[in-house]
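Trainee: return atomic coordinates for the entry below.
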Amino acid sequence: MMMHFHRRLPSAIVLIVLVASIITTHVMSEGPSRYLPSRTKGSNSILLPKGALSEIRSVIESSSTAQSQPSSILSSSSSSIISSSTPLRGGATQTSAPTTSSSVPKPIRVAFQGEAGAYSEKSLRELLGPNVIAVPRPNFESCYRAVASKECDYALMPIENSLGGSIHENYDLMLRYDLTIVAEHDFRVRHCLLTKPGMDVTKIKYAISHSQALSQCDNYLRARGITPLATYDTAGSAKMISSALKGDAFGREMPEGCTPDNTAAIASDLAGITFGLECKQEGIEDDDSNFTRFLLLGRKGVAQHLNKKTPCKTSLVFTLPNSAGALYKSLACFSLRDIDMSKIESRPMSAALLNYLRFKNAVTYSKQATSSQKYGKDLPRFRYLFYLDILSSELDEGVQNALHHLREQSDYCRVLGSYPAKSRLVGPVAEAVEALNVANAGKPSTGDLRLKKLPSDEDEARQLKIGLIGYGKFGNYLSQQLSQHQVRCIDTLDKSKEAEENNVEYYPNFDMTNFLQGLDVVIITVPMIELEETLESLPVDKLRNKLVVEVCPLNVYPKTVLTRMLPSEADILCTNPMFSPGMNVDGQSGKSLDGLPFVYEKVRIRDTSRADSFLSTFERARAQMVEMASEDHDAYVADAEFVTHLTGRLLDRNLLPVTPVSSREYAALCDLADLTGNDTFDLFYGMFKFNDRAKMLLDKMRDNLASVERKLAAKEAYLAASAEMKNSERQKLLAECKMLLREMARSSAPAPVTESKKDGEDKPSS
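Mentor: Now for the predicted structure:
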């Protein structure tokens, strides 16, 4: 028995060494901190890296078939474990993860706006090559969302055109999404005349395309008597003709009178190849200096991969105070350090979005910053952002000093990215593209790679069944925002009339079981002080496998109550929609959520698709989605919300009379009184009860009011005393003046003459 054990001992040792090597290799490649032993009480397990378990299993299986030949295990398995060294900058080496000859590079998904074959896709192919997967999206914002949600790796977005100017929507979207510029590409726009195969050019009567493309080919069309008809997209026009030839429904979208026999499309040559159309003539634009600048956006920057020999740019955006010479001083930060600038442009933005950016800046850079310091200032209706491109890297010492100097003058400054200029690629994107090109070298082309749909497309199109428990003012307002879904409500009062106006199905309070039947999402819109009582009255078992959402102004208390009272099978989402009925958005009241924060925490989510579909409703309405822990949310918001509502309730409308002439400050007070007046007192009481600092804030408010009263009384007493003192001093001064005048009168009056003296004066001298 001992002899048999010793014969198998080398095999066991080799097996242990191989398993340890596999784990070590994966940990080094994916980061050791992710795989430390769990510190959960009662647990000593270690989280194995992805892929390690399958390799270990294969090694064990191979060892079981070669028990008598332990050396074969080492020779056959170690070849896939021995890592290769890759040279890095400075001569250092990096140990790469194990690879096999059959490994396939990770595909790269790049989003662009437009139909397949659009100019954006052609620009994408010029910059990144034919082996990346192009993902057409219906609009610009969906491209940003695809990258932010990690469904796509990059997005290629047009930012300016040499003839049409800047594309301002993309400037605004760069602020809303935390994406970074990693490359740029100047694309030469060449318009092509596309028709069905074999068509005679002289029979072309109409040309369909985007209005901007038609205007750029106006002279060409006029010379040939072709009537231009505008459609939604250049490549979309080619798709219409192709669909009409096939008899598809989309072909019926062609303008009236247009048929494939008398109509041409103006689009790119790639659109012609994509939709099977013939290019009759290329370069039909009137001006051959038509260039569009594209930016490649990703989640991580490439500034650290730039070197001194690589021409590069840095794009940044900042705001300035409304003071004389502010722009001159900001540009001096760069000019005094000999930093060349290639572009500057100003762009107005909404005050609501700027407030959000300031708030986000405070969270990112200064945990100690208060709301009043960062984002609570009264802002003018128009604020301007300045976009600046400099011809240096963000990591250069001079640029770093210039940015520090600029941030001293600006209350918001953000670097949009440092990237190589003139269509160069560096860093991870260059490595990934090169790996794809190498892997596909020599292989026959299978056509352009495209992905027609993303998983989130189904989530956005998904219609949820949502139930509102409580249909007060905010519940009514929320149902309007959720109109794309099937919404029902329940309330202790009869809300059938209000529900019918918003196309919401109403259930009486006694029919709770039927109300909860088949719901995907349950939103609790009752006041915070009634939350626990409401949950106790619900059939908790009916909430299993549903998403339960609370919308209270504070989140810590609701989070505690929901996690304690709901079954573990129920998903929990704590939110604070920081908007309300009647709220003014940039001076316009309505249902727009543009720039308004929607704070949320995914407390316990198993069905992520359902939760993301619910949140995307507000994201598509352009609310600023802020994911934040409930504890951090209350630390930032609780005191500010309480003081705001307290101030609004102190401002009775009798104290704010209507006046034909008013200041901005007075108008702001009237708005505050109106907004807080729309909320119930139960909402305000919840802010007081579940905020440990509320009593202290109330005492502070009372002390501040008493202090103001004391200062007013002191000022009044001082002025009265000053007036009294001045009056007494005046009386005293008048008395002294009268006395002096009397003395002067006495001293200046002539002395009286006696009779004897007069008689003597009349007699002549002897």
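
Trainee: average pLDDT across whichever strand or helix holds residue 433?
Mentor: Assessed by DSSP states H and E, residue 433 sits inside helix 427-439. Helix 427-439 carries an average pLDDT of 92.

Trainee: buried ones in it?
Mentor: Buried residues in helix 427-439, counting neighbours by 16 or more other CB atoms under 10 Å, are found at 427, 429, 430, 432, 433, 435, 436. All C-beta atoms are positioned from the backbone trio N, CA, C, and that covers glycine.

Trainee: for the stretch 551-700 of the chain, what spans make up the helices?
Mentor: Taking DSSP state H, counting those that start in this stretch to define them, one finds helices in the stretch 551-700 of the chain at 556-565, 608-620, 630-650, 664-677, 681-689, 694-748.

Trainee: now the fifth one: mean pLDDT?
Mentor: Right, the one you point to is helix 681-689. Regarding helix 681-689, the rounded mean pLDDT is 77.

Trainee: show me the contact partners of it.
Mentor: Contacts with helix 681-689, where a contact means CB atoms under 8 Å, 6 or more residues apart in numbering, come from 527-530, 552-554, 638, 641-642, 645-646, 649, 676, 694-695, 698.

Trainee: for the second one, same thing?
Mentor: The contact list for helix 608-620, computed with CB under 8 Å, 6+ apart, reads 145, 149, 455-456, 459-460, 462, 464, 466, 481-482, 484-485, 520-521, 547, 549, 571, 573, 577, 593, 598, 600, 602, 605, 625.

Trainee: just the ones of those residues in strands?
Mentor: Residues of these located in strands (DSSP state E): 466, 521, 547, 549, 571, 573, 577, 598, 600, 602, 625.

Trainee: closest to residue 736 among the residues you listed?
Mentor: For the ones in strands among the contacts of helix 608-620, the closest approach to residue 736 (CB to CB) belongs to residue 577, at 74.6 Å.

Trainee: pLDDT value on the closest one, please?
Mentor: pLDDT, residue 577: 89.

Trainee: residue 485 versus that one, what's the distance?
Mentor: According to CB to CB, to the nearest Å, residue 577 stands 16 Å off from residue 485.

Trainee: then residue 713?
Mentor: Relative to residue 485, residue 713 is positioned 58 Å away (CB to CB).

Trainee: show me the residue at the heart of this protein, geometrically.
Mentor: The residue lying closest to the centre of the chain (CA atoms, centre = their mean) is residue 176, at 3.2 Å.

Trainee: need the buried ones from the ones in strands among the contacts of helix 608-620 selected in PyMOL.
Mentor: PyMOL command restricting these to the buried ones, with burial defined by 16+ other CB under 10 Å:
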select buried, resi 466+521+547+549+571+573+577+598+600
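
Trainee: save the ones in strands among the contacts of helix 608-620 as JSON lines, and put in distance to residue 221 too.
Mentor: Formatted as JSON lines, the ones in strands among the contacts of helix 608-620 follow (distance: CB to CB, whole Å):
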{"residue": "466", "distance to residue 221": "51"}
{"residue": "521", "distance to residue 221": "52"}
{"residue": "547", "distance to residue 221": "54"}
{"residue": "549", "distance to residue 221": "55"}
{"residue": "571", "distance to residue 221": "57"}
{"residue": "573", "distance to residue 221": "54"}
{"residue": "577", "distance to residue 221": "50"}
{"residue": "598", "distance to residue 221": "47"}
{"residue": "600", "distance to residue 221": "52"}
{"residue": "602", "distance to residue 221": "54"}
{"residue": "625", "distance to residue 221": "45"}
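
Trainee: out of the ones in strands among the contacts of helix 608-620, which comes closest to residue 325?
Mentor: Nearest to residue 325 among these, with distances taken as CB to CB, is residue 625, at 37.7 Å.

Trainee: just the helices in the stretch 251-400 of the chain please.
Mentor: 269-275, 326-335, 351-365, 371-374, 397-409.

Trainee: by mean pLDDT, show me the worst of those helices.
Mentor: Across the helices of the stretch 251-400 of the chain, the stretch with the lowest average pLDDT is helix 371-374; it has a mean of 40.

Trainee: which SS state does the residue nearest to residue 496 when sequence neighbours are not counted fall under?
Mentor: With CB to CB, 6 or more residues apart in numbering as the criterion, residue 496 has its nearest non-adjacent residue at 4.4 Å, and that residue is residue 506. State at residue 506, reduced to three classes by DSSP: H, G, I helix; E, B strand; the rest coil: strand.

Trainee: hang on, residue 693 packs against residue 638?
Mentor: Yes. Here residue 693 reaches residue 638: they are 7.2 Å apart, a contact under CB atoms under 8 Å.

Trainee: more crowded one of those two?
Mentor: A side-by-side neighbour count of residue 693 and residue 638, using other CB atoms under 10 Å, places residue 638 first with 21 against 11.

Trainee: so where's the stretch 401-550 of the chain uncertain?
Mentor: 445-448, 459-461 (pLDDT under 70).

Trainee: what's the offset of stretch 316-326 from the middle of its chain?
Mentor: 22 Å (CA atoms, centre = their mean, to the nearest Å).

Trainee: now it: buried residues?
Mentor: Applying 16+ other CB under 10 Å to stretch 316-326 flags 316, 317, 318, 319, 320 as buried.

Trainee: and the closest residue to the fourth one other than its chain neighbours, how close does it get to residue 640?
Mentor: Translated: residue 319. Leaving aside its sequence neighbours, residue 319 sits nearest to residue 412 (CB to CB, 6+ apart; 4.7 Å). Between residue 412 and residue 640 the distance is 19 Å, computed by CB to CB.

Trainee: looking at the two, which is more packed in?
Mentor: residue 412 (19 against 14).

Trainee: surely that one and residue 318 touch.
Mentor: Yes. Counting by CB under 8 Å, residue 318 is a contact partner of residue 412 at 6.4 Å.

Trainee: how long is stretch 163-183 from one end to the other?
Mentor: Start-to-end span of stretch 163-183 (CA to CA, to the nearest Å) is 22 Å.

Trainee: pull out the buried positions in that stretch.
Mentor: 166-167, 170-176, 179-183.
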